[in-house]
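**Q** requesting a structural model of the entry that follows:
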Amino acid sequence: MPSIPETIHRCRLLVDGYNLLFGQGWAQPNQKNHPTLQRGRETLVAQLAARTTPEQRPLIWVIFDSLDAPSRLPSSFRLRDIEILFSREWASADELLQHILVSHSNPKSLVVISSDHSVQRKAIARGATPYDQDQWINAIEAAFGSCEATEPKADPPEQGKDRAVGDEERDEWMKRFGF
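**A** Prediction:
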């Protein structure tokens, strides 16, 4: 049986990578060129990182099918402190996800993002909590508590910014700007 990194026991959030990536529209299944999929994978990881703290990110594992994995990348590596795995030694990412669910020392602590029904059934059987890909933010909250965006938030809109401008005020501004 192929091996998985020993740090699996720290994992709290398992993500079916292409399921979430395609489901959110960060890439399309028919876009098989490596740069497009690479950008999609980076977007997925950036979205996960933006909604978690630096302490939570090492507890996230994103599993991708290896069919479209760039050959120059290893089977596992870290990106933004999130564990990335390609299912090179497995038939599919779904098979690897199910193996992780079976081999995890505390599967009841796992939250799984996947719309694949076989993965969801295995998660439920092992006591893990499955979420469909369209509920991925809820899954993060279930795994770690409330989502904490680490990216700077936009400034709140100024009061009165969207108010209508009357004819007199408009004429005054037009005159000031030479119109």
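**Q** so residue 36 touches residue 30, yeah?
**A** No. Using CB atoms under 8 Å, residue 36 makes no contact with residue 30, being 9.8 Å away. C-beta coordinates here come from the backbone N, C-alpha and C atoms, glycine included.
**Q** ok, those two, which is more surrounded?
**A** Using other CB atoms under 10 Å as the criterion, residue 36 and residue 30 rank with residue 36 on top: 15 against 7.
**Q** pretty sure the more buried one is in a helix, no?
**A** Yes. The assignment for residue 36 (DSSP: H, G, I helix; E, B strand; the rest coil) places it in a helix.
**Q** what separates it from residue 22, distance-wise?
**A** Separation of residue 36 from residue 22 (CB to CB, to the nearest Å): 12 Å.
**Q** so what's in contact with the two at the same time?
**A** By CB atoms under 8 Å, 6 or more residues apart in numbering, residue 36 and residue 22 have these common neighbours: residue 28.
**Q** where does pLDDT dip in the protein?
**A** For the chain, the stretches flagged by pLDDT under 70 are 1-3, 32-34, 68, 146-166, 169-179.
**Q** the helices in it, which residues?
**A** Counting by DSSP state H, the chain has helices at residues 17-23, 34-50, 93-103, 117-126, 136-144, 167-176.
**Q** nearest to residue 77, of these?
**A** With CB to CB, the closest approach to residue 77 among those belongs to helix 34-50: 11.0 Å.
**Q** I'd like to know which elements the closest one is packed against.
**A** Applying 3 or more CB pairs under 8 Å, 6 or more residues apart in numbering; DSSP states H and E, one finds that helix 34-50 makes contact with helix 17-23, strand 60-64, strand 82-86.
**Q** now distance to residue 8 and mean neighbour count too, for those, in TSV please.
**A** Shown next, in TSV, are those (distance: least, CB to CB, whole Å; neighbours: other CB atoms under 10 Å):
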stretch	distance to residue 8	mean neighbour count
helix 17-23	16	22
strand 60-64	7	26
strand 82-86	9	23
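**Q** my read: residue 108 touches residue 123, true?
**A** No. Using CB under 8 Å, residue 108 is not in contact with residue 123, being 10.2 Å away.
**Q** between the two, who's got more neighbours?
**A** Between residue 108 and residue 123, residue 123 has the larger neighbour count (other CB under 10 Å), namely 24 against 9.
**Q** for residue 98, see how far away the closest residue to the more buried one other than its chain neighbours is.
**A** Leaving aside its sequence neighbours, residue 123 sits nearest to residue 130 (CB to CB, 6 or more residues apart in numbering; 4.1 Å). Per CB to CB, residue 130 is found 12 Å from residue 98.
**Q** can you check residue 9 too?
**A** Residue 9 is 17 Å from residue 98, where distance means CB to CB.
**Q** same question, residue 37
**A** To residue 98, residue 37 is 23 Å away according to CB to CB.
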